[in-house]
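Engineer: got a predicted model here, sequence first, then my questions.
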Amino acid sequence: MRSVSDWLPMVVFSDPPHNRQAVIQLTQESSLFDLLMKKYRSHLILFNRDSALIKSLNFDNLEIDLEISPEPTGTFWKSSDGRSESWHKEPQEIPSLEGKIPADELIIIAENEGIAEDILSTIKGGILLAYPDFNNFPLAADLNSVEEIPLEIYKDEYFRKYYKQVDHIGYGCRVLKEAYKRADFQYAIEKFKLSLKINSMTPHSANPKYGQMFEHYDLDKSYHTSGAFAITAAFSVVEELGLEVRSSSKKPRFLDNEKGIWNPSVLNDIEERLKKIGITKKDTFDWIFRGDKTEVEKDLKPYFGYDSEWTKLNEEVRDKTLSFPEAIHNLSYLRNFIASHKFRTLTPFISPYDIFNAQSLARNLILRSLGLWKIDIYNQSN
């Protein structure tokens, strides 16, 4: 966490006088910085490992900061040795406070509330990148200024309802560190969040051991519409990251559309851009197909992929393993010919698995762009 001393270089006062003036100026600037910064309550309660991760993060070059503080409601507690955590609806329900201390709340430090809200939104996006489950997403509660609202007010039941303890807040804060100052990353995260909000299912529901959990077709036109817009938002993530396949009538994507033979210049272009975020020609993406072929699947052109290893687990699993350029093409095909513009005859046949494929690819590309794909950030020193 920041202090004035953190902003000062090591300077020996026996050096020439201009160095002394530099120190005085830096001290004044640092004090001004501290005066300008305000603290805001996120109403997010941390698990112990998230607290430890947040303490290790360094935001010194980003003009923002995070800290942790004992939560003020008296309803979230942890053992002083950090081995257990508990929540009680009412403070009086706590049998004993012996060996317990208040759980940690995430505090956001920023110049103003608008910046703090933007920070919190990115953190929440990071939580969803860790595990995309919008049903358990912490939506409620605006930020409150730490300085402006007395602590005793939070003992009131109305304010206690604001607080949520959710997993992966530390992960969300690490995402913030990597994405902050990069508008393309932040917009990609916001678009991913929006896609999940419109229509989504959890990765748990896509586990191949369960086979086909959802019907492919829904009579409800509102479902068709939300599914189409969720796919469109997911594809927009890919565009935000600059990872779409770039082709045109003058530079076609395929030399043979039926056989899926790529135009070498188009394929080389997307492979080079993917390489910059660490995706090689050997990396693959599993595209989910469950149960009988849908009308949307039948229409995919070209039809890429080979049987995934997960097909052995359940006869309803027909997942295909694709290269990343192939997966990005599949998503652009869904967006261009099924989901966007005026709805077509195939739009009502968008299935939950089409939406999940689109969002999973978007999530994968965001995390790789951030350098966080398959990294255990809780076991890394910062």
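Structural biologist: Sure, I can see it.
Engineer: need the contact partners of the helix or strand hosting residue 39.
Structural biologist: Per DSSP states H and E, residue 39 falls inside strand 38-46. The contact list for strand 38-46 (CB atoms under 8 Å, 6 or more residues apart in numbering) reads 54, 67-68, 71, 76, 103-113, 116, 120, 123, 138, 140-141, 143-147, 149, 162-166, 169-170. C-beta here means a position set from N, CA and C on the backbone, and glycine is covered the same way.
Engineer: which helix or strand lies directly C-terminal to that strand?
Structural biologist: For strand 38-46, the following helix or strand on the C-terminal side (DSSP H and E) is helix 48-56.
Engineer: if you count neighbours, what's buried in that next one?
Structural biologist: Neighbour counts using 16 or more other CB atoms under 10 Å place 48, 49, 50, 51, 53, 54 of helix 48-56 among the buried residues.
Engineer: nearest to residue 200, of the residues you listed?
Structural biologist: Residue 200 lies nearest to residue 50 out of the buried residues of helix 48-56, by CB to CB, at 23.4 Å.
Engineer: now, the contacts of strand 38-46 that are in strands?
Structural biologist: 67-68, 76, 104-110, 144-145, 164-165 (DSSP state E).
Engineer: which pair in those residues spans the largest distance?
Structural biologist: With CB to CB as the measure, no two of the ones in strands among the contacts of strand 38-46 lie farther apart than 76 and 110, at 23.8 Å.
Engineer: what segments of the protein are strands?
Structural biologist: Secondary structure of the chain (DSSP E): strands at 38-46, 65-70, 76-79, 85-87, 100-102, 104-110, 144-145, 164-165, 254-256, 261-262, 284-287, 306-307, 320-323.
Engineer: packing partners of the fifth one?
Structural biologist: When contacts are defined as 3 or more CB pairs under 8 Å, 6 or more residues apart in numbering; DSSP states H and E, strand 100-102 packs onto strand 76-79.
Engineer: mean confidence for the strand it packs on?
Structural biologist: Mean pLDDT, computed over strand 76-79, is 86.
Engineer: just how off-centre is it within its chain?
Structural biologist: Mean-position distance between strand 76-79 and its chain equals 27 Å (CA atoms, centre = their mean, to the nearest Å).
Engineer: note down every partner strand of that strand and its orientation.
Structural biologist: strand 85-87 (antiparallel), strand 100-102 (antiparallel) (DSSP bridges).
Engineer: those: which one's closest to residue 194?
Structural biologist: Closest among the strands paired with strand 76-79, using CB to CB: strand 85-87, at 30.1 Å.
Engineer: mind showing which ranges of the stretch 251-382 of the chain have poor pLDDT?
Structural biologist: By pLDDT under 70, the weakly predicted segments of the stretch 251-382 of the chain are 380-382.
Engineer: rerun at 90
Structural biologist: Within the stretch 251-382 of the chain, the stretches with pLDDT under 90 are 340-342, 344, 374-382.
Engineer: next one: the stretch 51-200 of the chain
Structural biologist: For the stretch 51-200 of the chain, the stretches with pLDDT under 90 are 60-62, 73-102, 134-144, 147-166.
Engineer: please name the nearest non-neighbouring residue to residue 193.
Structural biologist: Leaving aside its sequence neighbours, residue 193 sits nearest to residue 125 (CB to CB, 6 or more residues apart in numbering; 5.0 Å).
Engineer: hmm, back to that, any idea which of the strands paired with strand 76-79 gets closest to residue 236?
Structural biologist: Once these are compared by CB to CB, strand 85-87 is nearest, at 37.7 Å.
Engineer: picking that back up, what is the mean pLDDT for the strand holding residue 39?
Structural biologist: So the average pLDDT for strand 38-46 ends up being 94.
Engineer: in the stretch 201-350 of the chain, which spans are helices?
Structural biologist: Counting by DSSP state H, counting those that start in this stretch, the stretch 201-350 of the chain has helices at residues 221-240, 264-275, 295-299, 324-334.
Engineer: now do the buried residues in the longest one.
Structural biologist: With burial defined by 16+ other CB under 10 Å, the residues of helix 221-240 counted as buried are 224-238, 240.
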